Each structure stands twice: as structure tokens, then as C-alpha cells.
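Visitor: Sequence below, structure please.
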Amino acid sequence: MATAAKGSHLDVVTFLLAQYPSVSLNEEIVRAAVNTGSTRIFAALLGRDSSIINMQLDRPVRP
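Guide: Numbering: from 1, shown residues only. Next comes the predicted model:
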């Protein structure tokens with residue numbers, strides 16, 4: 001799913017979300033969607049799990 005999100009393939013992301021409802025939306029998938037800048041892809045992920053809006057995607061900075 002991350003590969004489909006990275007490639008901005010909304011139809012594939014939507015298909016995968018429908019076919020595999022038990023797959024959790026991990027950081028890699030969400031980060032791929034965010035990095036594309038595609039609001040449609042991110043909206044599809046939000047439709048599955050609205051809690052991803054609170055996902056921390058920042059890498060911790062070492063002092």
C-alpha cells in the first residue's frame with residue numbers, strides 16, 4: 001500500500017483498503033501519503049482510520 005501511495009495511485013490504494021480491511025495503517029503508509037501531497041490519497045486513509053491525523057511523523061532530534 002505504501003508503494004501505491006508513493007506513486008499517487010488512488011485507485012490502487014482504495015482497492016487495497018477495501019480488500020484488506022484488517023491491515024493497519026502504519027507509519028510507512030501514512031508517511032508515503034503525506035509526502036505525495038495528495039489530499040485524495042490522505043483522505044482515503046483518513047476514511048479508514050481517522051486516528052492517523054494524530055500520528056507523529058517527526059523523527060526525534062538528538063541533542
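Visitor: Select the helix or strand of this protein having the lowest average pLDDT value.
Guide: The weakest-scoring helix or strand in the chain, judged by mean pLDDT, DSSP states H and E, is helix 27-36 (a mean of 92).
Visitor: And that helix, what does it pack against?
Guide: With contacts defined as 3 or more C-beta pairs under 8 Å, 6 or more residues apart in numbering; DSSP states H and E, helix 27-36 has these neighbours: helix 2-6, helix 39-48. For every residue, glycine as well, the C-beta is placed using N, CA and C.
Visitor: Who are the packing partners of the longest one?
Guide: Just to be clear, that refers to helix 39-48. Judged by 3+ C-beta pairs under 8 Å, 6+ apart, helix 39-48 is in contact with helix 10-19, helix 27-36.
Visitor: ok, now the first one?
Guide: With contacts defined as 3+ C-beta pairs under 8 Å, 6+ apart, the packing partners of helix 2-6 are helix 10-19, helix 27-36.
Visitor: So which residues make contact with that helix?
Guide: 12-13, 16, 28-29, 31-33, 35-36, 38, 41, 45 (C-beta atoms under 8 Å, 6 or more residues apart in numbering).
Visitor: Just put those residues in CSV and tack on distance to residue 51.
Guide: Listed next are the contacts of helix 2-6 as CSV, based on distance: C-beta to C-beta, whole Å:
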residue, distance to residue 51
12, 23
13, 18
16, 19
28, 16
29, 13
31, 15
32, 17
33, 14
35, 19
36, 20
38, 20
41, 17
45, 11
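Visitor: Name the nearest of those residues relative to residue 58.
Guide: Among these, residue 31 lies closest to residue 58 (C-beta to C-beta), at 10.5 Å.
Visitor: List the contacts of that closest one.
Guide: 2, 57.
Visitor: Mind doing that once more with 10 Å?
Guide: For residue 31, the contacting residues are 2, 5, 6, 55, 57, by C-beta atoms under 10 Å, 6 or more residues apart in numbering.
Visitor: That'll do, ta.
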